[in-house]
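J.: Turn this into a model:
(one chain, ligands or ions: 1)
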Amino acid sequence: MVIKHCTLRHFRQTSSPPRLYPACLLLPVSRNGYQQPILAITFAAVNASFMLPDFNNTQVAFQYRSNGEIKQAHFLFSCLGSPALTKMGIAVTRFAVANNLPVQGLIKKTLFKQFCGGESLDEAAATAATIGKYNVKTILDYGVEGKESEADFDHAVPEFVKAVEYAATQKGNIPFISLKVTGFCRFALLEKVHSRETLSPAEQEEWQRVYGRIDAICKVAHENGIKVLVDAEETWIQHGVNELCDAMMELYNKTEGIVFNTFQFYSHLSLPYLKLSINRAVEKGYILGAKLVRGAYMEKERLRAKEMGYTDPIQPNKAATDREYDAGLELCLNNLDNVYVFVGTHNEKSCLLAAKYMVDHGIKPESSRVYISQLYGMSDNISFNLAHSGFHVAKYLPYGPVKDVVPYLLRRAEENTSVSGQTGREFGLIEKEIKRRDL
Ligand SMILES: Cc1cc2nc3c(=O)[nH]c(=O)nc-3n(C[C@H](O)[C@H](O)[C@H](O)COP(=O)(O)OP(=O)(O)OC[C@H]3O[C@@H](n4cnc5c(N)ncnc54)[C@H](O)[C@@H]3O)c2cc1C
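T.: Numbers count the residues shown, from 1 in each chain. Prediction:
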């Protein structure tokens with residue numbers, strides 16, 4: 001006799017196949033009038049989704065990395081840990097790339113290997129398949145930046161459509177793509193739309209073409225069940241981006257979150273705007289896709305506000321940004337009937353807040369309404385431990401020709417130079433894993 005023993009909570013919290021552990025149980029069974037104990041093998045369905053993740057578990061964090069890869073990552077992060085060396089490396093790389101010097105091979109073996117998925121869709125898909133084995137999903141991020149001509153913008157559309165269609169063939173490993181509106185529109189036009197200046201007839205046509213490009217991608221994404229994350233950039237182009245996102249959500253988010261707008265909580269405008277966006281979605285009858293980040297352009301924002309003499313949109317300090325981020329996160333979690341939320345952060349506290357809220361409120365960890373995400377090559381301790389505990393996790397995976405993703409890579413290098421904060425934790429975690437593996 002086999003008795004399957006599953007807890008009620010198991011059924012409530014997960015639909016993924018339970019992990020089965022053999023266990024012995026003595027059951028009193030009545031047979032021929034006698035109470036007779038028999039030994040029954042039971043399978044206790046034990047599911048890790050009941051547990052909050054342990055972000056210090058480096059074994060789980062780096063399980064997808066070979067010994068050789070761990071040693072390479074160790075070397076890279078030890079170099080990045082030296083601000084002088086990194087500053088010099090960044091300056092030399094910029095100069096070399098600008099002057100077509102042969103540095104691509106070196107970049108490919110170091111920064112590119114750590115932070116990018118590959119040069120082509122096939123290479124990125126191979127990386128996605130590797131991390132997918134550990135239930136960590138992928139967001140395809142075509143990392144080419146800095147294009148400014150109509151021809152480039154037109155050319156980008158089939159590239160993204162191809163990525164969406166490719167993602168759809170990857171058996172659920174790649175549920176998202178991301179895009180930046182500046183990949184499809186002149187920055188100056190976005191600035192003009194943002195400032196509500198009257199557009200000339202030619203500019204109105206240009207703006208319509210931008211709408212058409214974004215729509216072409218979102219339409220194919222909707223048809224293929226792939227989600228589109230629209231990244232946030234500088235606050236002074238955001239109105240136009242919001243306008244496009246709202247229009248796309250109204251079209252494609254009728255029954256699920258397909259298109260996501262991004263909210264940067266270092267801006268004191270974001271929490272009120274998130275509330276407005278939820279209300280708008282409810283009124284218009286669609287689901288708000290909300291990607292939550294702290295924001296990546298703080299210095300630039302502060303400098304511009306100072307130079308141009310307007311109120312700095314950035315929170316007064318880090319604690320205020322943290323408070324606002326977590327408030328935005330809780331607001332989304334409290335409104336999951338109307339919101340799909342994408343928690344984009346390397347901040348352990350915010351990730352734990354999301355996980356704990358879900359556990360406390362009986363929200364299935366693998367609920368498609370909540371995704372938690374980090375960048376590829378960073379904070380694997382968060383991503384892989386959350387995924388190990390059953391949560392929905394995805395990594396931003398940039399891909400593209402090495403020379404085109406250099407700006408992205410240099411930003412990652414700069415970010416990882418800081419020895420304080422979450423990113424500074426990277427090196428310590430890799431060291432811990434090196435010791436654990438006795439390398
Ligand atoms: C999956 C993912 C997607 C992302 N997409 C985007 C995007 O579309 N647009 C974008 O702008 N960024 C994006 N980012 C970057 C993000 O905005 C942050 O810059 C980065 O993740 C660091 O913040 P954190 O929450 O991970 O970690 P933390 O280390 O906890 O926070 C660092 C952040 O806090 C804020 N901060 C630091 N010091 C201060 C201060 N003195 N005053 C006020 N605020 C301060 C800054 O935003 C800083 O980046 C993304 C990040 C991830 C992980």
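J.: what's the spacing between Lys108 and Lys147?
T.: From Lys108 over to Lys147 the distance is 22 Å, taken as C-beta to C-beta, to the nearest Å. Every C-beta, even on glycine, is put in place using the N, C-alpha and C of the backbone.
J.: most centrally placed residue in the chain?
T.: Ser373 (3.4 Å; C-alpha atoms, centre = their mean).
J.: Off-centre distance for the top helix by length along the chain?
T.: When the chain is parsed with DSSP state H, its longest helix is helix 201-224. Its chain's C-alpha centre and that of helix 201-224 lie 24 Å apart, by C-alpha atoms, centre = their mean, to the nearest Å.
J.: One more: stretch 359-379?
T.: From the chain centre to the centre of stretch 359-379 is a distance of 10 Å (C-alpha atoms, centre = their mean).
J.: And the next helix or strand past the longest helix of the chain?
T.: Per DSSP states H and E, the first helix or strand lying C-terminal to helix 201-224 is strand 227-230.
J.: any idea which helix or strand comes after that following strand?
T.: Following strand 227-230 in sequence order, the next helix or strand is helix 238-252 (DSSP H and E).
J.: Confirm that the residue nearest to the centre of the chain sits in a strand.
T.: Yes: under DSSP: H, G, I helix; E, B strand; the rest coil, Ser373 sits within a strand.
J.: so it makes contact with Lys395?
T.: Yes: the pair formed by Ser373 and Lys395 meets the contact definition of C-beta atoms under 8 Å, at 6.7 Å.
J.: can you pull the contacts of whichever residue of the stretch 101-250 of the chain sits closest to the ligand?
T.: Residue nearest to the ligand within the stretch 101-250 of the chain (C-beta to the nearest ligand atom): Asp231, separated by 3.3 Å. Taking C-beta atoms under 8 Å, 6 or more residues apart in numbering, we find Asp231 in contact with 178-181, 262.
J.: Pull up the residues of this protein that are close to the ligand.
T.: Contact residues (C-beta under 6 Å from any ligand atom) of the chain with the ligand: 231-232, 262, 264, 266, 293-298, 314-315, 317-318, 321, 344-347, 373-375, 396, 421-422.
J.: which ones among the contacts of Asp231 are found in strands?
T.: Among the contacts of Asp231, the ones falling in strands (DSSP state E) are 178-179, 262.
J.: picking up where we left off before, where does the residue nearest to the centre of the chain land on pLDDT?
T.: Confidence at Ser373, expressed as pLDDT, is 98.
J.: That one bridge partners, please.
T.: As for beta bridges, Ser373 partners with Gly344, Ala394 under DSSP bridges.
J.: Break the chain down into its domains, please.
T.: The chain breaks down into these domains under automatic domain parsing: 2-48, 117-399.
J.: hey, least reliable of the ones you listed by pLDDT?
T.: Sorting the domains of the chain by mean pLDDT places domain 2-48 lowest, at a mean of 35.
J.: in this protein, which spans are strands?
T.: Under DSSP E, the chain gives strands at 2-5, 19-31, 34-46, 136-142, 176-179, 227-230, 259-264, 288-293, 339-344, 370-375, 393-399.
J.: For the fifth one, which helices and strands make contact with it?
T.: By that I understand strand 176-179. Strand 176-179 sits against strand 136-142, helix 150-168, helix 201-224, strand 227-230, with contacts defined as 3 or more C-beta pairs under 8 Å, 6 or more residues apart in numbering; DSSP states H and E.
J.: same question, the fourth one
T.: Under the contact criterion of 3+ C-beta pairs under 8 Å, 6+ apart, strand 136-142 touches helix 121-132, helix 150-168, strand 176-179, helix 380-388, strand 393-399.
J.: hmm, try it at 10 Å
T.: Counting contacts by 3 or more C-beta pairs under 10 Å, 6 or more residues apart in numbering; DSSP states H and E, strand 136-142 packs against helix 121-132, helix 150-168, strand 176-179, strand 227-230, strand 370-375, helix 380-388, strand 393-399, helix 402-415.
J.: closest to Val97 out of the ones you listed?
T.: helix 402-415 (5.2 Å; C-beta to C-beta).
J.: quick check: angle from the closest one to strand 393-399?
T.: On the basis of axes from the mean of the first three to the mean of the last three C-alpha atoms, to 10 degrees, helix 402-415 is oriented at 130 degrees to strand 393-399.
J.: buried sites along helix 402-415?
T.: By 16 or more other C-beta atoms under 10 Å, the buried positions in helix 402-415 come out as 402, 404-406, 408-410, 412-413, 415.
J.: what residues are up against Val393?
T.: For Val393, the contacting residues are 53, 131, 134-137, 343, 351, 365-366, 371-374, 382-387, by C-beta atoms under 10 Å, 6 or more residues apart in numbering.
J.: Try it again at 7 Å.
T.: Val393 makes contact with 136-137, 372-373, 383, 386-387, according to C-beta atoms under 7 Å, 6 or more residues apart in numbering.
J.: And for Val241?
T.: When contacts are counted by C-beta under 7 Å, 6+ apart, Val241 touches 181, 230, 232.
J.: Give the ChimeraX command for selecting the buried subset of the residues you listed.
T.: Entered in ChimeraX, the line below selects the buried ones among the contacts of Val241, by 16+ other C-beta under 10 Å:
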select :181,230,232
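J.: Please dump the contacts of Val241 into TSV; it should also carry distance to Gly89 for every row.
T.: Below are those laid out as TSV (distance: C-beta to C-beta, whole Å):
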residue	distance to Gly89
Val181	31
Val230	32
Ala232	28
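J.: out of the contacts of Val241, who's nearest Ile287?
T.: Nearest member of the contacts of Val241 to Ile287, counting by C-beta to C-beta, is Val230, at 14.8 Å.
J.: just checking, that closest one touches Leu179?
T.: Yes: Val230 is in contact with Leu179 according to C-beta atoms under 7 Å; the separation is 6.1 Å.
J.: who's in contact with the closest residue to Leu331 other than its chain neighbours?
T.: Spatial nearest neighbour of Leu331, excluding adjacent residues (C-beta to C-beta, 6 or more residues apart in numbering): Leu274 at 6.3 Å. With contacts defined as C-beta under 7 Å, 6+ apart, Leu274 is in contact with 263, 290, 328, 331.
J.: End to end on stretch 109-126, go ahead and measure it.
T.: End-to-end span of stretch 109-126 (C-alpha to C-alpha, to the nearest Å): 17 Å.
J.: Give me the neighbour count for Leu276.
T.: As a burial measure, Leu276 scores 11 neighbours (other C-beta atoms under 10 Å).
J.: again with the one 5 residues further on
T.: Neighbours of Ala281 under the rule other C-beta under 10 Å: 22.
J.: hang on, the earlier thing: of the helices and strands packed on strand 136-142, which approaches Arg304 most closely?
T.: In terms of C-beta to C-beta, the element of the helices and strands packed on strand 136-142 nearest to Arg304 is helix 402-415, at 18.0 Å.
J.: No further questions, thank you.
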